[in-house]
Each structure stands twice: as structure tokens, then as C-alpha cells.
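K.L.:
starting from these lines, generate the structure:
(one chain, ligands or ions: 1)
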Amino acid sequence: MAGIPFVEPLEGLVYGAVDQLSPLVARVVAQNPSKFTYKGTGTYIIGRDEVVVIDPGPTLDSHRTALERAIDGRRVRGIVVTHCHSDHVPLAYWLAESTGARTYGFGPHPRPTVTDAFDDDDDDVQDEKSSDTGDGEEREHTDFNFTPTVAVRDGQAFLTVDGWSLTAVHTPGHTSNHLCIHLDAENALFTGDHIMGWSTTVVSPPDGNMADYMASVRKLITRNDAVLYPTHGNPVRDPAPFLAAYLAHRVERESQIIELLQRGPSTIRAMVEVLYANVRPELHKPARRSVMAHLLKLLDEARVTTVNDRPPSMRSIWIVRNK
Ligand SMILES: [Zn+2]
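P.N.:
A predicted model of the protein is given here:
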């Protein structure tokens with residue numbers, strides 16, 4: 001992940017404490033650290049006398065108590081969900097139930113319609129179960145049942161509170177229903193998992209889509225947001241160079257894949273061994289899904305294909321297409 005100017009680590013983080021990051025924006029971090037969530041899920045509470053909560057977070061008693069304390073009896077005007085991963089959505093049910101507030105999101109996470117041909121669970125029993133450090137799951141879990149009370153669309157100003165408004169920015173890629181949320185009063189963008197403050201984002205097919213993802217990063221590059229608030233990691237206070245590096249990383253990865261394949265046909269497993277040689281082995285499995293995401297984009301662009309044009313899977317042998 002070279003080349004990305006990561007912001008300062010969450011030093012001095014106290015789980016459950018309320019960090020007031022700006023006049024309107026406060027954050028409480030849940031104690032669910034993992035290789036996907038960094039130090040944990042950052043739940044944002046926007047407002048003064050009345051508040052909106054973005055991504056209430058995981059089912060954890062300590063986090064629920066911390067949110068209650070942070071909200072401190074103020075009226076909750078809305079609950080916004082950036083996407084339906086289980087480190088973001090579960091406490092939305094509780095918060096909606098206990099406050100009567102409506103939930104806002106792009107829509108439910110689409111249920112998979114085909115079996116996941118990109119799963120390689122069964123062929124890595126020997127080489128990974130033993131080396132897994134056990135710091136959580138191999139993949140982010142999804143709540144397919146969550147349906148927002150209000151489905152919002154790209155560009156829609158969907159909530160106005162106390163003189164400030166929130167507008168939806170649809171950013172598919174990490175998931176197809178991923179939303180970023182713009183706060184006009186501070187020209188701030190809540191980026192969910194689309195942009196992370198500490199790492200690159202997981203793009204895992206079939207719902208995760210690399211072409212969409214890169215287009216959604218470009219979409220943010222054309223904006224002029226003053227600050228990005230990711231769910232995981234610290235605020236990005238100089239978005240332009242950060243986003244440029246974030247996109248450059250994906251473009252570079254894509255070129256590396258093409259370069260590898262120009263040397264000869266290869267499998268995802270073999271490519272990951274080379275491309276992620278400096279990365280902890282327990283991250284190779286999510287890395288394989290990320291390389292798959294790149295290959296599916298390149299397949300769509302007719303720049304690579306599989307041997308005999310067989311349907312792509314984790315076992316495919318990939319080759320470059322001569323133009
Ligand atoms: Zn996520």
C-alpha cells in the first residue's frame with residue numbers, strides 16, 4: 001500500500017469517548033478492532049440540539065452505552081447507513097426503535113443471485129487455517145435484511161436540521177449500495193468504507209466491483225470537499241492528494257497485474273504471492289478477492305481473459321489478450 005499518505009494513527013484513542021472533531025461533528029469509536037476495521041467503527045454524531053447519527057455500528061453493549069451517553073437525550077432526527085456491513089448497521093435497529101427516528105440509506109444490500117464462484121474456502125484449508133492469527137473474520141459480514149425507512153438517491157438533499165443539510169453521494173464499489181454523505185455547513189464528506197483513513201478499501205466480488213470503485217474514487221476527486229470523515233481511521237483534512245494517491249494505488253495494481261500476465265499465464269494465488277509479498281500472509285485471502293476484482297474489470301475491458309474463456313473463478317488461469 002505504498003504511496004498512500006496515510007493520516008496520523010488514532011493515537012490516544014479512548015473507546016466510547018466522544019471526540020468533538022468540528023463544531024457539528026462528533027465521533028465515538030466502537031471497540032471492535034480487526035484487520036478490516038482498524039481500531040474499530042467510528043460512529044459520527046452530527047448536530048447541536050438535534051442530531052443525526054451515521055453508521056451506528058456493531059452490536060456491542062459498550063458501544064450502545066457510549067452512543068446513549070454521546071446523544072445525551074437530544075432528539076435524533078435521522079439515522080444514516082452508508083452500507084450494510086455488520087460493523088456499520090446493527091445498532092441502527094436499536095437506535096430507530098428507541099428514538100423513533102427514520103433510517104436513511106441507498107437501499108438494501110442485494111442478495112447474491114448465484115453461488116459465489118470467487119470463494120476459495122475449500123482449497124486453502126491446509127495453508128491458511130494454521131497461519132490465521134484469528135483476529136476476526138476472513139470477510140466482512142453483510143446484513144441482507146436491513147432496509148432503510150427512506151431510500152435516498154445520488155445527489156438528493158434528504159435531511160435538513162437546524163440550518164444544515166445532508167446530501168447523498170452514491171459511491172458504488174466497496175458495495176453496490178454504498179453512500180457517502182455530504183454535510184453542507186462544513187463542506188465535509190462522510191465516506192463510510194469508500195475511503196478509509198488507514199488502508200485501502202476492500203473490493204470483493206461479486207457485489208464489490210472494481211470498475212465502479214475506481215469510478216467512485218474519481219467522482220470524489222472531481223468534488224471539492226474540505227474534509228473526509230471515514231468510518232475507520234482519522235479525518236482526511238487534505239483530500240485532494242490523498243484521493244489522487246488512493247486512485248494511483250489501484251491504477252498501479254492494475255498495471256502490475258498486466259505486467260505479471262505478460263510474463264506468462266498465471267493464477268490469482270500465484271499473482272498474490274508476488275504482489276503481496278510484503279503483506280502479512282493472513283491478508284492474502286482478502287487480497288485474492290481484490291485481485292479477482294481487478295481481473296474482472298480487465299476482463300470486461302477485454303484486456304485479459306481466462307484459458308479457454310472459461311467462466312472466471314478462483315482457480316482460473318489468466319492470460320493477457322493481444323489487441
Ligand atoms: Zn464495509
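
K.L.:
show me what from the stretch 1-150 of the chain comes close to the ion.
P.N.:
Selection of the stretch 1-150 of the chain residues close to the ion by C-beta under 5 Å from the ion yields 85, 140. C-beta: built from backbone N, CA, C; applies to glycine.

K.L.:
avg pLDDT for the longest helix seen in the chain?
P.N.:
The single longest helix within the chain, with elements called by DSSP state H, is helix 239-262. Mean pLDDT, computed over helix 239-262, is 96.

K.L.:
make sure residue 91 is actually in contact with residue 62.
P.N.:
No - contact criterion C-beta atoms under 8 Å: residue 91 and residue 62 do not qualify, at 11.3 Å.

K.L.:
spatially nearest residue to the residue positioned nearest the centre of the chain, not counting backbone neighbours?
P.N.:
Among the residues of the chain, the one closest to the centroid is residue 193, at 2.4 Å (C-alpha atoms, centre = their mean). Nearest residue to residue 193, sequence neighbours excluded (C-beta to C-beta, 6 or more residues apart in numbering): residue 174, at 4.8 Å.

K.L.:
before we move on, back to that, what's the following helix or strand after the longest helix of the chain?
P.N.:
Next helix or strand after helix 239-262 toward the C-terminus (DSSP states H and E): strand 266-267.

K.L.:
other SSEs contacting that next one?
P.N.:
For strand 266-267, the packing partners by 3 or more C-beta pairs under 8 Å, 6 or more residues apart in numbering; DSSP states H and E come out as strand 317-320.

K.L.:
can you list contacts of the strand it packs on?
P.N.:
258, 261-262, 265-268, 271, 295, 303-307 (C-beta atoms under 8 Å, 6 or more residues apart in numbering).

K.L.:
now swap in stretch 223-240 and tell me
P.N.:
By C-beta under 8 Å, 6+ apart, stretch 223-240 touches 6-10, 21-22, 25, 27, 36-42, 44, 55, 82, 87-88, 169, 182, 186-193, 195-199, 220-221, 242.
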